[in-house]
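*Asks:* Task: produce atomic coordinates for the following.
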Amino acid sequence: MKVLFIGGTGNISTEVSRLCIERGMELFLLNRGKRTVDLPGATFIHADMSKAGEADQVLREHRWDAVVNWIAFTESDIERDIALFRGRTGQYVFISSASAYQKPPSHPVITESTPLRNPYWEYSRNKIACEERLNRAYRDEGFPVTIVRPSLTYDTVIPVAIGGWTEYTIIDRLKRGKSVIIHGDGTSLWTITHAEDFAKGFVPLLGHQQASGHAFHITSDEILTWNQIYQAVADAAGCELKSVHIPSDFIVQCDESFRGTLLGDKAVSVIFDNSKIRRFAPGFNATIPFNRGIRRTLAWFQADRARQVVSRETDALMDRLIAAYESKHPGS
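*Replies:* Residues are numbered from 1 along each chain as shown. Predicted structure coming up:
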């Protein structure tokens, strides 16, 4: 099977790329060549998708069994891809986001039929617009789209609300004995998925005859509180967890940039029903618990000093948020 990944060397997609190669797929990765990842067996094509005509020039002679765009974020990206791959691929997979699901949810169990609505986060609304355009293309012309909605998926990022992701700031604070912020009271429920587990559900969808027109989420079934998540991070770092619980609304009042990632995502409990992906990928099972997976992630950061990026701006922001909250709620 001949597969094209647009991207393919990121936090989620690298593990998917490795599994595709392991399963004997002929994998091509189209990107700008700025990220160095060791993927023996993959063929790299260098082009900038944002430059009109450049991708078409390098791809025009190819036909694909499946195309996956890991880095499409706006409806204009989708219009470009429909024009570029119409008649050239047996399947087009769009990487959406589980943050597109109804916020706040009217029911705590999320299925693929949960309505899509997020008034808090433009990123999510853009993903919804992409899905709607692709579904129109599927209905109107049979464009062979499959939609996949990852939730908080990690490998080379630290999946916490403040001070993590590509930053090492939260680990730096823990190592210095400083408090970190846990949004809300820490008891809301969340699911975090390792990229290696995500890949096990994703790869069987490639070339699947019955996947056109369908949407899927692929997550772990491990449900944790945010208190448990932060405790696992601290344990993996070998540090005592010192934390301050601050309501998400208060955090957003102090810094509007958190409206999307908190009110539009992590502030509400979600439980994902994975029965649909199991019907299409029999045997799919996430096997990496977070307390083990996060140790692998921190080992990856610690293997290269250049990865341990500490943002003094984020560090100062956390200090300001804690001071502002404690001044209004002394003794909290």
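*Asks:* so residue 156 touches residue 298, yeah?
*Replies:* No - taking contacts as Cβ atoms under 8 Å, residue 156 lies outside contact range of residue 298: 10.8 Å. Where C-beta positions appear, they are placed from N, C-alpha and C, glycine not excepted.
*Asks:* Which secondary structure elements does the worst-scoring helix or strand of the chain on mean pLDDT sit against?
*Replies:* Every helix and strand in the chain was compared by mean pLDDT, DSSP states H and E; the lowest is helix 54-59, with a mean of 89. With contacts taken as 3 or more Cβ pairs under 8 Å, 6 or more residues apart in numbering; DSSP states H and E, helix 54-59 sits against strand 26-31, strand 43-46, helix 75-85.
*Asks:* Enumerate the beta-bridge partners assigned to the closest residue in space to residue 81 that isn't next to it in sequence.
*Replies:* Distance criterion Cβ to Cβ, 6 or more residues apart in numbering; nearest residue to residue 81, sequence neighbours excluded, is residue 69 at 5.9 Å. Following DSSP bridges, residue 69 is listed with bridge partners residue 6, residue 94.
*Asks:* what's residue 69 in contact with, if anything?
*Replies:* Shown in contact with residue 69 (Cβ atoms under 8 Å, 6 or more residues apart in numbering): 6, 7, 77, 81, 92, 93, 94, 95.
*Asks:* where's the dip in pLDDT among those?
*Replies:* Across the contacts of residue 69, the bottom pLDDT score, 92, is held by residue 7.
*Asks:* pretty sure that one is touching residue 34, no?
*Replies:* No - the criterion here is Cβ under 8 Å, and residue 7 misses it with residue 34 at 11.4 Å.
*Asks:* Between those two, which has more neighbouring residues?
*Replies:* Neighbour count, other Cβ atoms under 10 Å: between residue 7 and residue 34, residue 7 has more, with 22 against 7.
*Asks:* who's in contact with the least confident helix or strand of the chain?
*Replies:* By Cβ under 8 Å, 6+ apart, helix 54-59 touches 4, 30, 45, 46, 47, 48, 49, 84, 88.
*Asks:* Give the next helix or strand downstream of the longest helix along the chain.
*Replies:* Assignment by DSSP state H gives helix 122-141 as the longest helix of the chain. Counting by DSSP states H and E, the next helix or strand C-terminal to helix 122-141 is strand 145-149.
*Asks:* Give me the helices and strands touching that following strand, please.
*Replies:* strand 92-95, helix 122-141, strand 215-217.
*Asks:* low-scoring pLDDT stretches of the stretch 1-150 of the chain, where are they?
*Replies:* Along the stretch 1-150 of the chain, the parts satisfying pLDDT under 70 run over 52.
*Asks:* Which parts of the chain are helices?
*Replies:* For the chain, applying DSSP H gives helices covering 13-22, 54-59, 75-85, 122-141, 169-175, 195-202, 226-237, 248-254, 275-280, 290-302, 312-328.
*Asks:* Now the fourth one: buried residues?
*Replies:* Buried residues in helix 122-141, counted by 16 or more other Cβ atoms under 10 Å: 123-131, 133-134, 137-138.
*Asks:* and it, what does it pack onto?
*Replies:* In terms of contacts (3+ Cβ pairs under 8 Å, 6+ apart), helix 122-141 is packed against helix 75-85, strand 92-95, strand 145-149.
*Asks:* Among the ones you listed, which comes closest to residue 325?
*Replies:* Across these, residue 325 has its closest neighbour in strand 145-149 (32.9 Å, Cβ to Cβ).
*Asks:* Understood, closing this out.
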